[in-house]
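Engineer: I'll drop the sequence and a predicted model, then ask my questions.
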Amino acid sequence: IQNSRNQKWLYTCVRTWIHLVRARDHVSFRSVYRFGNKFSIHLFQFLIMEKGNHIYSVILVILFSIILFFPTIYGSLDNSDQPEISESENRTLAAKPQLEITYVDIFPDQYSDYYDDHFPLREEILHFFGRNIKFKIFRKSPVPEKVVIGSDGWLFQAENRSIYSGKRDFTPEEVETIYLELHNRAQYLASQGILFYLIIAPMKCEVYQDELPHFFVRNPEGTRTDKLIERLSTDTLIRFIDIKEALIAKKGNEKLYHKTDHHWSTAGGFAVYNEIMNHLGTFYPGKRSLNDTDIFPVIDSAWIGGLGNMAGLAPDLNEIRFHYTVKNPRSHISEEEIYTPPEWFAYKDIYEVRKYVPDSTLPSIVVIRDSFFNNVIPFLSEDFKNSLYIFDAWQFLPNYDIIEQEHPDIVLLEVYEPFLDHLLPAK
């Protein structure tokens, strides 16, 4: 009977630990409290065990107590500054709340969020269980709500699944609203003698569908992006450049997206550049300057992208990165900064990127963009006398004040596919 009790206790312990590993991002005061209560009941069974097992019981209780209280003791002795940003999760951690009498009802939840993000040895514990148990043993993503593991080490954004499957969709009214917003911009720019182009940076899962896990299934009726593109196709003022098909056609030759990141590689950036210039050639024939012989690869050391870091899978999924560079660049970086980024924007240093080529016969361009365009800038800048790239904190605003001051020949808007809803007024 006693042995069966011990087996039951061990079974309960293992089940509880597995529960905590699965809910690693949801550990809170409440779960720890329930965890402690469950163990306290079974520890009592050890106190009434037979005399011959007493030493074994005492040793096990001592070891368990050390494991239970060590993080708290360690945290009280550690005087180092607490991080504000989690590098592995790529997010801002919860700040320590201040107790206010008028808002006392929300304080427990706020403090629980704070403790969840800052309990002692948090990063080490999450990394150990995530990388060594969930990934190495079970081949599961340590953070399945953020990162999905595909075949051959390919990583994908978990949040894209809802768009890919059609769960996150646009209503007909939202499609029309976005279309009218873009049409009005194109109409205004046309009145100023400026051409308006639009490109949508496709999700990685759209290009590398063959590397997706089995549960990542595309909506057979199409995605919300497909609906918007269909609506845009009826407008002659909005010059839409479909880069997805170009990327799919070229993916067999080179790795156009990083395996451990959701962005284009420089090879992908060069493919996008080629597609842009193919369309611009209609209005500026003969101005395209770069081809395959004008670039060369530089091999970086072992590297892991944002998705790999978020899942804590370095160095297991480190990849060799080829960085394509222009052989004889003629564009120069301008140190001039005219425009002020939003105060809350974290990447102020790349809000405004300005380059120029000393050739007055070339056109000029303003690009409203996000981080996807980073690997296009070195190539596109070779074809314009003045090129200005505005990273406006994923707002994708018209930025008429900038355009009126620059008065370019072309305005190009680049939007990452999941951010298309930022073009809605409510966003």
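Structural biologist: Yep, it's here.

Engineer: now the element after the least confident helix or strand in the chain by mean pLDDT, going C-ward?
Structural biologist: Lowest mean confidence among the helices and strands of the chain (mean pLDDT, DSSP states H and E): helix 29-47, at a mean of 46. Sequence-wise, the next helix or strand downstream of helix 29-47 (DSSP states H and E) is helix 54-77.

Engineer: tell me which residues in that following helix are buried?
Structural biologist: For helix 54-77, a neighbour-count test (16 or more other CB atoms under 10 Å) marks residue 57 as buried. (Each C-beta comes from the backbone N, C-alpha and C, glycine too.)

Engineer: show me what that helix is packed against.
Structural biologist: Helix 54-77 sits against helix 29-47, with contacts defined as 3 or more CB pairs under 8 Å, 6 or more residues apart in numbering; DSSP states H and E.

Engineer: please determine how far residue 187 is located from residue 315.
Structural biologist: Distance of residue 187 to residue 315, given as CB to CB, to the nearest Å: 52 Å.

Engineer: the two: which is more packed in?
Structural biologist: residue 187 (13 against 10; other CB atoms under 10 Å).

Engineer: how about the more buried one, nearest residue that isn't a chain neighbour?
Structural biologist: Leaving aside its chain neighbours, residue 187 sits nearest to residue 237 (5.9 Å; criterion: CB to CB, 6 or more residues apart in numbering).

Engineer: report the secondary structure state of the one you found.
Structural biologist: Classification of residue 237 using DSSP: H, G, I helix; E, B strand; the rest coil returns coil.

Engineer: who are the contact partners of the residue nearest to residue 194 when sequence neighbours are not counted?
Structural biologist: Spatial nearest neighbour of residue 194, chain neighbours left out: residue 411 (5.6 Å); criterion: CB to CB, 6+ apart. Shown in contact with residue 411 (CB atoms under 8 Å, 6 or more residues apart in numbering): 189, 194, 195, 196, 197, 365, 366, 367, 368, 403.

Engineer: out of those residues, which end up buried?
Structural biologist: The neighbour count (16+ other CB under 10 Å) marks 189, 194, 195, 196, 197, 365, 366, 367, 368, 403 as buried among the contacts of residue 411.

Engineer: possible to save those as CSV with pLDDT?
Structural biologist: Below are the buried ones among the contacts of residue 411 laid out as CSV (pLDDT from 0 to 100):
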residue, pLDDT
189, 98
194, 97
195, 96
196, 97
197, 98
365, 97
366, 98
367, 98
368, 98
403, 98
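
Engineer: secondary structure added to those residues, as TSV?
Structural biologist: Below are those laid out as TSV (three-state DSSP):
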residue	secondary structure
189	helix
194	coil
195	strand
196	strand
197	strand
365	strand
366	strand
367	strand
368	strand
403	helix
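
Engineer: between those, which is nearest residue 144?
Structural biologist: Within these, the smallest distance to residue 144 is 33.6 Å, found for residue 368 (CB to CB).

Engineer: is the closest one in a bridge, and if so with what?
Structural biologist: Legend: beta-bridge partners of residue 368 under DSSP bridges are residue 390, residue 413.

Engineer: wait, isn't it in contact with residue 393?
Structural biologist: No - contact between residue 368 and residue 393 fails when scored by CB atoms under 8 Å: they sit 11.0 Å apart.

Engineer: next, the contact list for residue 409, please.
Structural biologist: 194, 195, 363, 364, 365.

Engineer: measure the residue lying closest to the third one once chain neighbours are set aside to residue 379 for me?
Structural biologist: So the one you mean is residue 363. In space, and not counting its chain neighbours, residue 363 is closest to residue 409: 4.0 Å by CB to CB, 6+ apart. Separation of residue 409 from residue 379 (CB to CB): 18 Å.

Engineer: give me the distance from stretch 306-320 to the chain's centre.
Structural biologist: 13 Å (CA atoms, centre = their mean, to the nearest Å).

Engineer: avg pLDDT for it?
Structural biologist: Average pLDDT, stretch 306-320: 89.

Engineer: tell me the SS of residue 179?
Structural biologist: Looking at residue 179 with three-state DSSP, the answer is helix.

Engineer: what helix or strand is the nearest residue to it once chain neighbours are set aside located in?
Structural biologist: Of all residues not flanking residue 179 in the chain, residue 231 sits nearest, at 4.8 Å (CB to CB, 6+ apart). Secondary structure assignment for residue 231, by DSSP H and E: helix 224-232.
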